[in-house]
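In: got a predicted structure plus its sequence, pasted below:
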Amino acid sequence: MTVLAIADGVNALALVVFAIVLAITLLITYWASKRTHSATEFWAANRGISSLQNGFAIAGDYLSASTFLGFAGLIFLFGVDGWVGLAAAGASFLPVVLLLAERMRNAGKFTMADVLAFRLRERPARIAAALGTLVVSFVYLIAQMVGAGVLLQALAGLDFAVAVTITGVFMLVYVIFGGMLATTWVQIIKAGLLMIAGTVLTILVLSKAGFNPFELFRRAADNYPDGDKYLASGLQHPNAINSISFGLALLLGTAGLPHLLMRFFTVPDAKAARGSIAWGVLLIGIFFTMTMLVGVGARAILGDMSAADTAGGNLVTPLLAESLGGGEGSVGGDLFLAIISAVAFATILAVVAGLVIAASGAVAHDVWSGVIRRGDGDEQDEVRVARIASVSLGVLAIVASILAGETFNVSILVGLAFAVAASANLPALLMALFWPRFNTTGAIVGVAGGLLSALVVIALSPPVWPGADSDGSPIPLANPAIISIPVGFISCWLGTMLSTENAEVRSYHELKVRSETGIGAV
Amino acid sequence: MEATDREPQGIDWEAIERSPEFQELAGGRRRFAWIAGTIGIGLGALYVVLAGVAPDLMGTKIFGSMSLGFVGGVALILLTWAITFAYVRRSDRVWGPLEERIRAEFGAQPERGDRFSKEEERIAARVQP
């Protein structure tokens, strides 16, 4: 990815707006820190988040910089192919609405593993679920942090390593001192900022086309070198299998994202859980549609620019904002650019905080308390371990992101995170909830099968093997989902059928009744 | 301790499962999820596959210059909203009241996602063997 600086040197105005956003989040963290002591407070914000608040927080958790900047850029560059991924991600909330939101809330406590471990043998089930959680969260975390570094470098003129470190340090401050309460409010504010910025951009874009959205599509096609090709698919993924694989990862990955599923534990009951996912679906759908109009509008307004001119499309939204504000060098243009950049930064901070708290749950709640202490530990210990785990994971992510560097292909990592979520986490979770015969062996084989197949396929794919973005790799897929999702489901089934194990800790009947009715929910 | 520390005691789960109220609740939800989920995810998968194998079809202009590729995605999001809205409405009107009846009849502890205070959690943790 070419790194392109919009500003020469440090952009002072952008830094001032960043500082304001950071100051607000620090005040929230200070407020939240006085309300974060017990494990329920640390991981579930004392289950006191309302459904509207949690709806915004879900949007804040889910809408990453790869939506606001990445997908708007892909739609600008490739038209329909960029939009297919976003629309599939919009529909990916259906399994969450129909199958998971209320049942997770009823049967779980803090983490995805709670539901898996409910009727399976606790220690192996927790290890399997923690592994899936850690891989998805960590891969996604690296993608976001590298993205943050590239953005801050381009928009504010900061050095890449400095930008990554700042992002990591603030993320850790929110999580360590303010736990889920601070994370939630950072996500709510970020979602609010993002919706406002998206609405303003969309209205300005539409105003350039006489408030006729269809006119926007005509002008965009006129500005594309190949004209109407912009309105057809196949520009980004000439290979149909690749296109389908990427779409499937987005369509099924959402329901296996641990940081998103964790949000349902922060509301008081199942009714609030389904209310919150409905708000989330509404907000995310609106934002996706606005992103489409911004991407198409950028093509209509900015005309033809190459991927290299826009850092792989990532700088299309800021460049559009600058142009709509009055152009380069104008007061309005500079200010709008600074505001959009600050919103993008807030977006990344909220997502990475959510990822770190989910990963720390896997380490402290699942591995430490559930496996090492065998459920016999002290609650204060669990929170202490969570804070240590957060710092360790955070430092590891900062170092890994700096080593990966600014030219690292981030979209591969995002695609990989979604593919692992869909192939390792989702099959085991669905089978634990809905298949009476499912057992511990099935869960272990399923998570291992989904995870390993995704990693092996990506390791043998063009972005990695035999060299970065090279030809001649054994598997010509940039995303493993089309192979690894079936492997994940089949491994769950095969592992279950091949084992003779019949040692249910608690019955499927109990899990079914509890998850459907909320009897015994914490 | 994890999920067991507030274990409702002495509940006959299979008896609840056999009750007509539970059958109606679980059956209704299952039917809804099957039908709506198959339609939603099925059409989503169809859209993704068509975008892969039929680029020219996706370029068919539907509204002015807005092609099927763009319209299809907007329709998918509208469909997701419609299913979500229908599910929540059905839950509020039918399944929620059914859940409350089942909890009132069989649940041995206060329902509605009671938030345990820290004191209660400590006591609950202590009384566990």
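Out: Alright, I've got the coordinates.

In: contact partners for residue A:85?
Out: Shown in contact with residue A:85 (CB atoms under 8 Å, 6 or more residues apart in numbering or on different chains): A:71, A:74, A:246, A:247, A:250. In this view, the C-beta of every residue, glycine as well, is placed from N, C-alpha and C.

In: so where's chain B uncertain?
Out: Residues of chain B that meet the criterion pLDDT under 70 lie in B:1-9, B:108-129.

In: one more pass at 50, please.
Out: Counting by pLDDT under 50, chain B shows low-confidence ranges at B:1-6, B:110-120, B:122-124, B:126-129.

In: next SSE downstream of the longest helix belonging to chain B?
Out: For chain B, the helix with the greatest residue count under DSSP state H is helix B:20-53. Next helix or strand after helix B:20-53 toward the C-terminus (DSSP states H and E): helix B:55-58.

In: residues touching the closest residue to residue A:139 other than its chain neighbours, list them.
Out: Among residues not flanking residue A:139 along the chain, residue A:417 sits closest, at 4.4 Å (CB to CB, 6 or more residues apart in numbering or on different chains). Residues near residue A:417 by CB under 8 Å, 6+ apart: A:136, A:139, A:140, A:143, A:253, A:257.

In: just give the closest residue to residue 36, not the sequence neighbours.
Out: I'll assume chain A. In space, and not counting its chain neighbours, residue A:36 is closest to residue A:179: 4.0 Å by CB to CB, 6+ apart.

In: right idea, wrong chain: chain B
Out: The shortest distance from residue B:36 to any non-neighbouring residue, by CB to CB, 6+ apart, is to residue B:83 (4.6 Å).

In: ok, now residue A:135?
Out: Using CB to CB, 6+ apart, the closest residue to residue A:135 is residue A:420 (5.5 Å).

In: ok so that neighbour is a helix residue?
Out: Yes - checked against DSSP: H, G, I helix; E, B strand; the rest coil, residue A:420 lies within a helix.

In: before we move on, the earlier item: against residue A:172, how distant is the residue nearest to residue A:139?
Out: Per CB to CB, to the nearest Å, residue A:417 is found 20 Å from residue A:172.

In: repeat for residue A:217
Out: From residue A:217 to residue A:172 the distance is 44 Å (CB to CB).

In: who has more neighbours, the two?
Out: residue A:217 (27 against 21; other CB atoms under 10 Å in any protein chain shown).

In: please tell me I have it right and the more buried one contacts residue B:65.
Out: Yes - if you go by CB atoms under 8 Å, residue A:217 and residue B:65 touch, sitting 4.0 Å apart.

In: okay, and the common contacts of the two?
Out: Counting by CB under 8 Å, 6+ apart, the residues touching both residue A:217 and residue B:65 are residue A:231.

In: now the element after the helix or strand where the residue nearest to residue A:139 lies, going C-ward?
Out: Element membership of residue A:417 [criterion: DSSP H and E] is helix A:410-420. Note on helix A:410-420: by DSSP H and E, the next helix or strand toward the C-terminus is helix A:426-434.

In: list the helices and strands that following helix packs on?
Out: helix A:112-116, helix A:122-156, helix A:440-459, helix A:481-498, helix A:508-517 (3 or more CB pairs under 8 Å, 6 or more residues apart in numbering or on different chains; DSSP states H and E).

In: swap in 10 Å and give it another go.
Out: helix A:94-95, helix A:101-107, helix A:112-116, helix A:122-156, helix A:240-253, helix A:440-459, helix A:481-498, helix A:508-517 (3 or more CB pairs under 10 Å, 6 or more residues apart in numbering or on different chains; DSSP states H and E).

In: so how far is that helix from its chain's centroid?
Out: Put simply, helix A:426-434 sits 21 Å off its chain's centre (CA atoms, centre = their mean, to the nearest Å).

In: which residues touch the residue positioned nearest the centre of chain A?
Out: Centroid check for chain A by CA atoms, centre = their mean gives residue A:62 as the closest residue, at 4.8 Å. Shown in contact with residue A:62 (CB atoms under 10 Å, 6 or more residues apart in numbering or on different chains): A:89, A:92-93, A:187, A:191, A:254, A:257, A:259-260, A:263, A:280, A:283-284, A:287, A:351, A:354.

In: pick the one among these closest to chain B.
Out: The closest of these to chain B turns out to be residue A:93 (CB to the nearest CB; 6.3 Å).

In: what is the burial count for the closest residue to that closest one other than its chain neighbours?
Out: Closest residue to residue A:93 apart from its sequence neighbours, by CB to CB, 6+ apart: residue A:281 at 4.9 Å. Residue A:281 is flanked by 26 other residues according to other CB under 10 Å.
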